[in-house]
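J.: okay, sequence plus prediction incoming.
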Amino acid sequence: MVYHNLKALIKGLRACKTVADERALIQQESAAIRASFREEDSYARHNNIAKLLYIHMLGSPAHFGQIECLKLVASPRFADKRLGYLGIMLLLDENQEVLTLVTNSLKNDMNHTNMYVVGLGLCTFANIASEEMSRDLANEIEKLLGSSNTYIRKKAALCALRVIKKVPDLTDHFISKSKNLLTDRNHGVLLAAITLVTEMCQIDENCLNEFRNAVPLLVRNLKALVTTGYSPEHDVSGITDPFLQVKVLRLLRLLGNRDARASETMNDILAQVATNTDSTKNVGNSILYETVLTVLDIEADSGLRVMAINILGKFLSNRDNNIRYVALNTLNKVVSMDTNAVQRHRNIILDCLRDGDISIRRRALELSYALINEQNVRVLVRELLAFLEVADDEFKTSMTTQISLAAERFAPNKRWHIDTVLRTLKLAGNFVREEILSAFIRLVAHTPELQAYTASKLYTALEADISQESLTLAAVWVIGEYSEILLDGGIIDDDQPKHVSDEGVLDLLLSTLDSPYANHLTRQFVLGAITKMASRHTTSVPQQERISEVLAKYTTNPELELQQRAVEYASLFTLGDLKVGVLERMPPPELKATVMGVVSENKPVGSTRGGKDGDLLGDDTISPTPQINGQSVQNNHDLLAEIFGSSAPANTPPVASSLSPQPQKSSVQDILGLFDSSPNPAFTAPASGPSSAFSLPQTQVQAEEPSPPPPPQPQQSAGPRLTPYTAYDKNEVKITLTPQTSSVRPGVVNILARFQVLGSNVASGLNFQAAVPKSQQLQMLPMSNPDVQPGATETQQMRVIAPPGSNVRLRIRVSYTLAGRAIQDQVDFSGFPPGLTGTA
């Protein structure tokens, strides 16, 4: 059955019961249309093309009607032209060769006297124009841009947009006409013109300078839109032509970028738009969002930027998830521009972590990472750890990495850093990257003051949960390495240390060995840990024999790596004293900057008291900013980089200094000059110290105790006698060093420096600097008073941490003013008796 018009065909297709019936009907009708095309009936052609376009919309082939569409376009009847151009737009694209036949028809219709025919030609050109067609008809488009008819000007502007996209070289042809269009009062023409100008500015940088003169005109247009009363023709939810407002704002964003003059012109209107636009409706929010983007892209006033970020903060309180997502996404981009303004909305951002939408949680998480700094690291990391406890598994790996990096970069002290990583390991130990685990172990190795605390915490955590892989690996390594510290000091708790037996420690390690959560890496760590434990003096003989039995069992393990380790460890037990030397503590690994460019081991230690992560919760607050003689140093790492440069010589020894209050520049020059002319060769590490244990300079304040100890008073007769050693005695100034050691902590030497003036003049601005070999670490407290009065004694405390058995040597530099004369001296001091650091 042949259907004579489109309406009949649609009825026939809807009457089909199955898809097969529909396909059969379409094939039958397509064949009838082909046959009808050969009869050259103009009336039938119109109906056939209409039916063919419907068949094309259903997804069936209709390419055979392309030429017939061209014949319809050539018809003088408007209805035929309209259907023909519709067919061309649907059945042709810019890659079809048939398109060349359309060019002449388009040119003729663009010059037609009927504006609706001209509109058909322009509409078709804007949809299918190829590069070749754009070149051929560019002059016609340019001519129509100057038409007196707003309907034609609007469509011609959109055709010009197609031309410059296809042929950017022709952009110059439309600049002058585009400027004229910007003055048009018709909203439709203005909308098309601004779209055209925006594209031209994006394509060609030269156009930016051409159109920057139009900024006052655009500002006037925008002001008129904002301040105009109700206009029913353009009103959308109470806002006048929001589409045009958005387009104007986008163009202003381009023109104001990196141009202070243009930005100054638009500052006031942007503030007006931001304050007068209704934010209760989505239309107003779209304009506010474009305003924010414009403010952030141009050279805006700081107050305007803050207002823009506050608008984004207000978006975060919106119930619409799309608006909140957009706000978080934009804040992520601008947080580096004005971090303080974004920080004001920190609480709302953290609330978004608990949102039900996973996309919002992800964006809020990314923004939270960017907000962390030295001042808020405790609060934000606490919130992130709380979220880590309930976070989806897909977030946990990135969260543990970011939390650890933030702790490494901004930790106020090492105690807080260790507590943070421990908490992370407890909450998401199965989602911790290997680099984070190794950085944690390195931190513990370089912090002897907190090794007992860390071992105790890890022992307790491992007892409670052996299912977290990274927690298990860290605990096994630390307990094996520092088992004697754990057994001597016990578990550090709030009240009293709880004793731990070697049997209890070994039972815990062996329980992880046989745990269902254990993998090959965990078993390798455990075998190494129990072997090291067996070589310590705190391990009893029965437990050593028990360890030997475990190793013997694993010498026949089917897993090759475990078998090899067990065989080699078991053979060490037959080597007597050599075993102790082989299995002694590993030297601290070489310090190096991490991914964040930070050496976290150079931070203050923090409290060594026991407690339930008190430091992590902010109870034991220590200022993150080092103090030198009461002067705040903004960033310890930056200061060191400034002093030593990015490529310091390999033999530069650690240096510490108590700088007197004088300009920073001279202090830096003093330290730089400390090594310029050295009478003695550079220090080298003692023979007993491992060659790989290097240490970067440290200048931070010693913060091991909860509060800095007062300078010690002269020793009472009942106390042990401390011998002072003269380190400097020149120009009426005498400096003595009094060392004090403890058998409990070999390698740690506390030194009290005393400064005296032997004459009648005051030594003012005394600046005392010291350096040690880089196998040692030096920490200094500020000097009691940089001005030394005659007959008075000023003091300064130092601490040297050196490998046991090594000699403490200092290179001292002192500068001061005496009787109006500036004096600067440098001496090498090695007068301390040998054995001060204990025996190796």
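T.: That came through, no problem.
J.: how close does Leu70 get to Ala129?
T.: 16 Å (C-beta to C-beta, to the nearest Å). (C-beta placed from N, C-alpha, C; glycine too.)
J.: the more surrounded of the two?
T.: More crowded of Leu70 and Ala129, by other C-beta atoms under 10 Å: Ala129, with 26 against 18.
J.: how far away is the residue most central in space within the chain from Arg585?
T.: The centroid of the chain falls nearest to Ala370 when counting by C-alpha atoms, centre = their mean (5.3 Å). Computed as C-beta to C-beta, the Ala370 to Arg585 distance reads 39 Å.
J.: what of Val295?
T.: Taking C-beta to C-beta, one finds Val295 at 58 Å from Arg585.
J.: more crowded one of the two?
T.: Val295 (29 against 14).
J.: is it true that that one touches Val306?
T.: No. In this structure, Val295 is not within contact of Val306 by C-beta atoms under 8 Å, at 9.7 Å.
J.: what about the helices in the stretch 301-450 of the chain?
T.: 302-315, 321-334, 339-343, 346-351, 358-371, 377-390, 393-410, 414-428, 434-445 (DSSP state H, counting those that start in this stretch).
J.: may I see the buried residues of the first one?
T.: Right, helix 302-315. Within helix 302-315, the residues scored as buried using 16 or more other C-beta atoms under 10 Å are 304-315.
J.: which among the residues you listed gets closest to Ile348?
T.: Distance to Ile348 across the buried residues of helix 302-315 (C-beta to C-beta) is lowest for Gly313, with 6.2 Å.
J.: any chance of JSON lines for the helices of the stretch 301-450 of the chain, columns mean pLDDT and distance to Leu818?
T.: JSON lines is the format used below for these (pLDDT from 0 to 100; distance: least, C-beta to C-beta, whole Å):
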{"stretch": "helix 302-315", "mean pLDDT": "90", "distance to Leu818": "49"}
{"stretch": "helix 321-334", "mean pLDDT": "92", "distance to Leu818": "55"}
{"stretch": "helix 339-343", "mean pLDDT": "87", "distance to Leu818": "46"}
{"stretch": "helix 346-351", "mean pLDDT": "90", "distance to Leu818": "53"}
{"stretch": "helix 358-371", "mean pLDDT": "92", "distance to Leu818": "51"}
{"stretch": "helix 377-390", "mean pLDDT": "92", "distance to Leu818": "45"}
{"stretch": "helix 393-410", "mean pLDDT": "92", "distance to Leu818": "43"}
{"stretch": "helix 414-428", "mean pLDDT": "93", "distance to Leu818": "40"}
{"stretch": "helix 434-445", "mean pLDDT": "92", "distance to Leu818": "44"}
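J.: most tightly surrounded among those helices?
T.: helix 414-428 (a mean of 26; mean count of other C-beta atoms under 10 Å).
J.: packing partners of it?
T.: With contacts defined as 3 or more C-beta pairs under 8 Å, 6 or more residues apart in numbering; DSSP states H and E, the packing partners of helix 414-428 are helix 377-390, helix 393-410, helix 434-445, helix 451-464, helix 469-481.
J.: remind me what the shortest one packs against, helices and strands.
T.: The elements that helix 434-445 packs onto, with contact taken as 3+ C-beta pairs under 8 Å, 6+ apart, are helix 393-410, helix 414-428, helix 469-481.
J.: which one of those helices lies closest to Ala386?
T.: Between Ala386 and these, the tightest spacing by C-beta to C-beta is seen for helix 414-428, at 9.4 Å.
J.: got the angle for the closest one vs helix 434-445?
T.: If you take axes from the mean of the first three to the mean of the last three C-alpha atoms, to 10 degrees, helix 414-428 sits at 140 degrees to helix 434-445.
J.: and the angle for helix 414-428 with helix 469-481?
T.: 130 degrees.
J.: how about the helices and strands packed on helix 434-445, which one is nearest Val273?
T.: helix 393-410 (36.6 Å).
J.: could I have the closest one exported to CSV, CA atoms only?
T.: Output in CSV follows, covering the C-alpha atoms of helix 393-410 (Å, rounded to 0.1, in the frame of the first residue of the first chain):
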residue,chain,number,x,y,z
ASP,A,393,37.1,2.4,50.0
GLU,A,394,37.8,4.2,46.7
PHE,A,395,38.7,7.3,48.7
LYS,A,396,41.0,5.7,51.3
THR,A,397,44.2,5.3,49.3
SER,A,398,44.3,8.9,48.3
MET,A,399,43.2,10.0,51.7
THR,A,400,45.9,8.2,53.6
THR,A,401,48.5,9.6,51.1
GLN,A,402,47.2,13.1,51.4
ILE,A,403,47.0,13.1,55.2
SER,A,404,50.5,11.7,55.5
LEU,A,405,51.9,14.2,53.1
ALA,A,406,50.1,17.0,54.9
ALA,A,407,51.5,15.8,58.2
GLU,A,408,55.0,15.6,56.7
ARG,A,409,54.7,19.1,55.3
PHE,A,410,53.0,21.0,58.1
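J.: roughly how far does the residue lying closest to Asp357 once chain neighbours are set aside sit from Leu251?
T.: Leaving out its chain neighbours, the residue that sits closest to Asp357 by C-beta to C-beta, 6 or more residues apart in numbering is Asn321, at 5.1 Å. Counting by C-beta to C-beta, the gap from Asn321 to Leu251 is 30 Å.
J.: same deal with Arg324?
T.: In this view, Arg324 and Leu251 are 27 Å apart by C-beta to C-beta.
J.: again with Cys207
T.: According to C-beta to C-beta, Cys207 and Leu251 sit 11 Å apart.
J.: and Lys177, how many neighbours?
T.: For Lys177, the tally of surrounding residues (other C-beta under 10 Å) stands at 20.
J.: repeat that for Asn127.
T.: 17.
J.: swap in Met533?
T.: With other C-beta under 10 Å as criterion, Met533 counts 26.
J.: let me see the contact set for the residue lying closest to it once chain neighbours are set aside.
T.: In space, Met533 comes closest to Ser483 once its chain neighbours are excluded; the distance is 4.4 Å by C-beta to C-beta, 6+ apart. Residues in contact with Ser483 (C-beta atoms under 8 Å, 6 or more residues apart in numbering) are 455, 502, 505, 529, 532-533, 536, 538-539.
J.: then Thr741?
T.: Applying C-beta under 8 Å, 6+ apart, the residues contacting Thr741 are 748-750, 836-838.
J.: ok, now with 7 Å
T.: Going by C-beta atoms under 7 Å, 6 or more residues apart in numbering, Thr741 touches 749, 836.
J.: how much space between it and Cys201?
T.: From Thr741 over to Cys201 (counting by C-beta to C-beta), the distance is 74 Å.
J.: for Ala763, same thing?
T.: From Ala763 to Cys201 the distance is 68 Å (C-beta to C-beta).
J.: looking at these two, which is more packed in?
T.: Taking other C-beta under 10 Å, Ala763 and Cys201 do not tie; Ala763 has more neighbours (25 against 21).
J.: where does pLDDT dip in the stretch 601-750 of the chain?
T.: By pLDDT under 70, the low-scoring segments of the stretch 601-750 of the chain are 601-603, 606-721.
J.: those strands in this structure, which residues are they?
T.: All strands of the chain, identified by DSSP state E, fall at 235-236, 239-240, 627-628, 631-632, 655-658, 725-730, 733-741, 748-757, 763-771, 777-780, 793-801, 810-818, 821-829.
J.: I'd like these as JSON lines, with distance to Gly581 appended.
T.: Shown next, in JSON lines, are those (distance: least, C-beta to C-beta, whole Å):
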{"stretch": "strand 235-236", "distance to Gly581": "83"}
{"stretch": "strand 239-240", "distance to Gly581": "82"}
{"stretch": "strand 627-628", "distance to Gly581": "41"}
{"stretch": "strand 631-632", "distance to Gly581": "46"}
{"stretch": "strand 655-658", "distance to Gly581": "32"}
{"stretch": "strand 725-730", "distance to Gly581": "33"}
{"stretch": "strand 733-741", "distance to Gly581": "24"}
{"stretch": "strand 748-757", "distance to Gly581": "23"}
{"stretch": "strand 763-771", "distance to Gly581": "31"}
{"stretch": "strand 777-780", "distance to Gly581": "24"}
{"stretch": "strand 793-801", "distance to Gly581": "22"}
{"stretch": "strand 810-818", "distance to Gly581": "30"}
{"stretch": "strand 821-829", "distance to Gly581": "32"}
